[in-house]
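Enquirer: Next one to model:
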Amino acid sequence: MLEQPLKLKTDKSQALHHQDREAYLPTFRRMPIAFSKGKGCTLWDVDGNKYLDALSGIAVNSLGHAHPAVTSAITRAAENLIHVSNFFVTEQQVGLSGRLTKASGLEHVFFANSGTESFEGAIKIARKYAWKNGRGGTIISMHN
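Expert: Numbers count the residues shown, from 1 in each chain. Down below sits the predicted model:
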(Lines give C-alpha, C1' and ligand atoms only; values in the text may rest on other atoms or scores of the structure.)
Protein backbone atom coordinates (compact mmCIF):
# COMPACT_ATOMS: atom_id res chain seq x y z
CA MET A 1 0.00 0.00 0.00
CA LEU A 2 1.09 3.56 -0.63
CA GLU A 3 2.07 5.32 2.56
CA GLN A 4 1.30 8.83 1.30
CA PRO A 5 -1.02 9.97 -1.47
CA LEU A 6 0.72 11.01 -4.67
CA LYS A 7 0.67 14.69 -5.58
CA LEU A 8 -0.78 14.65 -9.08
CA LYS A 9 -0.96 17.74 -11.23
CA THR A 10 -4.25 17.48 -13.10
CA ASP A 11 -7.63 15.84 -13.04
CA LYS A 12 -6.55 13.60 -15.95
CA SER A 13 -3.44 12.38 -14.06
CA GLN A 14 -5.48 11.93 -10.90
CA ALA A 15 -8.13 9.88 -12.71
CA LEU A 16 -5.53 7.59 -14.30
CA HIS A 17 -3.74 7.02 -11.00
CA HIS A 18 -7.03 6.37 -9.22
CA GLN A 19 -7.99 3.75 -11.85
CA ASP A 20 -4.51 2.27 -11.55
CA ARG A 21 -4.84 1.87 -7.77
CA GLU A 22 -8.16 0.10 -8.28
CA ALA A 23 -6.72 -2.60 -10.56
CA TYR A 24 -2.91 -2.73 -10.25
CA LEU A 25 -1.30 -4.54 -7.30
CA PRO A 26 0.79 -1.88 -5.52
CA THR A 27 4.03 -3.78 -4.93
CA PHE A 28 6.01 -0.55 -5.34
CA ARG A 29 5.28 3.15 -5.30
CA ARG A 30 4.33 4.62 -8.66
CA MET A 31 5.66 8.03 -9.63
CA PRO A 32 3.08 10.84 -9.92
CA ILE A 33 3.35 11.03 -13.71
CA ALA A 34 1.15 9.47 -16.40
CA PHE A 35 2.95 9.23 -19.75
CA SER A 36 1.07 9.25 -23.02
CA LYS A 37 3.73 9.18 -25.76
CA GLY A 38 7.41 9.14 -26.51
CA LYS A 39 9.79 10.01 -29.34
CA GLY A 40 13.48 9.20 -29.11
CA CYS A 41 14.59 9.90 -25.54
CA THR A 42 11.69 12.31 -24.91
CA LEU A 43 8.46 11.43 -23.09
CA TRP A 44 5.28 13.48 -22.74
CA ASP A 45 2.77 13.13 -19.95
CA VAL A 46 -1.00 13.30 -20.35
CA ASP A 47 -0.81 17.07 -19.74
CA GLY A 48 1.72 17.68 -22.52
CA ASN A 49 4.73 18.18 -20.24
CA LYS A 50 8.03 17.06 -21.75
CA TYR A 51 10.58 14.80 -19.97
CA LEU A 52 13.96 13.22 -20.73
CA ASP A 53 13.65 9.42 -20.49
CA ALA A 54 16.90 8.78 -18.64
CA LEU A 55 15.77 5.21 -17.81
CA SER A 56 15.10 4.07 -21.39
CA GLY A 57 12.19 2.02 -20.10
CA ILE A 58 14.64 0.39 -17.65
CA ALA A 59 17.03 -0.41 -20.51
CA VAL A 60 14.34 -1.87 -22.79
CA ASN A 61 14.18 1.03 -25.27
CA SER A 62 17.87 1.55 -25.92
CA LEU A 63 17.09 3.12 -29.31
CA GLY A 64 14.42 5.36 -27.82
CA HIS A 65 10.67 5.59 -28.27
CA ALA A 66 9.09 5.31 -31.72
CA HIS A 67 12.42 4.72 -33.50
CA PRO A 68 11.42 4.31 -37.18
CA ALA A 69 13.58 1.21 -37.80
CA VAL A 70 12.36 -0.51 -34.61
CA THR A 71 8.73 0.44 -35.31
CA SER A 72 9.04 -0.90 -38.87
CA ALA A 73 10.67 -4.15 -37.72
CA ILE A 74 8.01 -4.72 -35.05
CA THR A 75 5.22 -4.01 -37.56
CA ARG A 76 6.71 -6.41 -40.14
CA ALA A 77 7.17 -9.11 -37.51
CA ALA A 78 3.66 -8.67 -36.09
CA GLU A 79 2.16 -9.12 -39.55
CA ASN A 80 3.37 -12.74 -39.39
CA LEU A 81 4.10 -13.86 -35.82
CA ILE A 82 3.94 -12.22 -32.41
CA HIS A 83 5.47 -14.99 -30.32
CA VAL A 84 6.28 -18.65 -30.77
CA SER A 85 7.57 -20.80 -27.93
CA ASN A 86 11.17 -21.99 -28.00
CA PHE A 87 9.66 -25.47 -28.47
CA PHE A 88 9.43 -24.50 -32.16
CA VAL A 89 11.79 -23.11 -34.80
CA THR A 90 11.24 -19.90 -36.76
CA GLU A 91 13.29 -18.48 -39.61
CA GLN A 92 13.90 -15.31 -37.63
CA GLN A 93 15.21 -17.16 -34.57
CA VAL A 94 17.51 -19.36 -36.69
CA GLY A 95 18.85 -16.26 -38.46
CA LEU A 96 19.44 -14.38 -35.23
CA SER A 97 21.13 -17.40 -33.62
CA GLY A 98 23.54 -17.55 -36.54
CA ARG A 99 24.31 -13.84 -36.41
CA LEU A 100 24.89 -13.93 -32.64
CA THR A 101 27.18 -16.96 -32.70
CA LYS A 102 29.19 -15.45 -35.54
CA ALA A 103 29.48 -12.07 -33.79
CA SER A 104 30.30 -13.53 -30.37
CA GLY A 105 32.56 -16.38 -31.43
CA LEU A 106 30.49 -18.75 -29.28
CA GLU A 107 29.06 -22.03 -30.53
CA HIS A 108 25.46 -21.62 -29.30
CA VAL A 109 22.99 -19.08 -27.97
CA PHE A 110 20.03 -19.43 -25.62
CA PHE A 111 17.04 -17.09 -25.82
CA ALA A 112 15.26 -16.14 -22.60
CA ASN A 113 12.68 -13.58 -21.54
CA SER A 114 14.06 -12.80 -18.09
CA GLY A 115 16.92 -13.25 -15.68
CA THR A 116 15.02 -16.09 -14.04
CA GLU A 117 14.72 -17.93 -17.34
CA SER A 118 18.41 -17.31 -18.00
CA PHE A 119 19.30 -18.81 -14.63
CA GLU A 120 17.02 -21.79 -15.27
CA GLY A 121 18.61 -22.24 -18.70
CA ALA A 122 22.10 -22.17 -17.18
CA ILE A 123 21.12 -24.93 -14.74
CA LYS A 124 19.71 -27.05 -17.56
CA ILE A 125 22.84 -26.50 -19.66
CA ALA A 126 25.09 -27.48 -16.72
CA ARG A 127 23.05 -30.65 -16.08
CA LYS A 128 23.10 -31.60 -19.76
CA TYR A 129 26.85 -31.00 -19.97
CA ALA A 130 27.48 -33.14 -16.86
CA TRP A 131 25.26 -35.95 -18.15
CA LYS A 132 26.89 -35.85 -21.60
CA ASN A 133 30.33 -36.17 -19.97
CA GLY A 134 29.35 -39.06 -17.69
CA ARG A 135 29.15 -36.93 -14.61
CA GLY A 136 25.95 -36.70 -12.66
CA GLY A 137 25.52 -34.36 -9.80
CA THR A 138 23.21 -32.26 -7.78
CA ILE A 139 22.41 -28.63 -8.41
CA ILE A 140 22.61 -26.63 -5.21
CA SER A 141 21.29 -23.10 -4.94
CA MET A 142 21.60 -20.79 -1.99
CA HIS A 143 20.08 -17.59 -0.74
CA ASN A 144 22.16 -15.09 1.25
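Enquirer: gap between the residue most central in space within the chain and N113?
Expert: In the chain, the residue lying closest to the centroid (Cα atoms, centre = their mean) is V60, at 5.7 Å. To N113, V60 is 12 Å away according to Cβ to Cβ, to the nearest Å. Placement of C-beta: from N, CA and C, glycine included.
Enquirer: Low-confidence stretches in this structure?
Expert: Scanning the chain with the threshold set as pLDDT under 70 gives 1-9.
Enquirer: Tell me how far the residue nearest to Q93 when sequence neighbours are not counted lies from L96.
Expert: Excluding the flanking residues, the one nearest Q93 by Cβ to Cβ, 6 or more residues apart in numbering is F111, at 6.9 Å. Counting by Cβ to Cβ, the gap between F111 and L96 amounts to 8 Å.
Enquirer: So K37, which state does it fall into?
Expert: What DSSP: H, G, I helix; E, B strand; the rest coil gives for K37 is strand.
Enquirer: how about the closest residue to it other than its chain neighbours, what does it touch?
Expert: Excluding its sequence neighbours, the residue lying closest to K37 (Cβ to Cβ, 6+ apart) is W44, at 5.2 Å. Residues near W44 by Cβ atoms under 8 Å, 6 or more residues apart in numbering: F35, S36, K37, G38, K50, Y51.
Enquirer: would you list these in JSON lines and tack on distance to A126 and neighbour count?
Expert: Below are the contacts of W44 laid out as JSON lines (distance: Cβ to Cβ, whole Å; neighbours: other Cβ atoms under 10 Å):
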{"residue": "F35", "distance to A126": "41", "neighbour count": "15"}
{"residue": "S36", "distance to A126": "45", "neighbour count": "12"}
{"residue": "K37", "distance to A126": "44", "neighbour count": "12"}
{"residue": "G38", "distance to A126": "40", "neighbour count": "16"}
{"residue": "K50", "distance to A126": "48", "neighbour count": "9"}
{"residue": "Y51", "distance to A126": "44", "neighbour count": "13"}
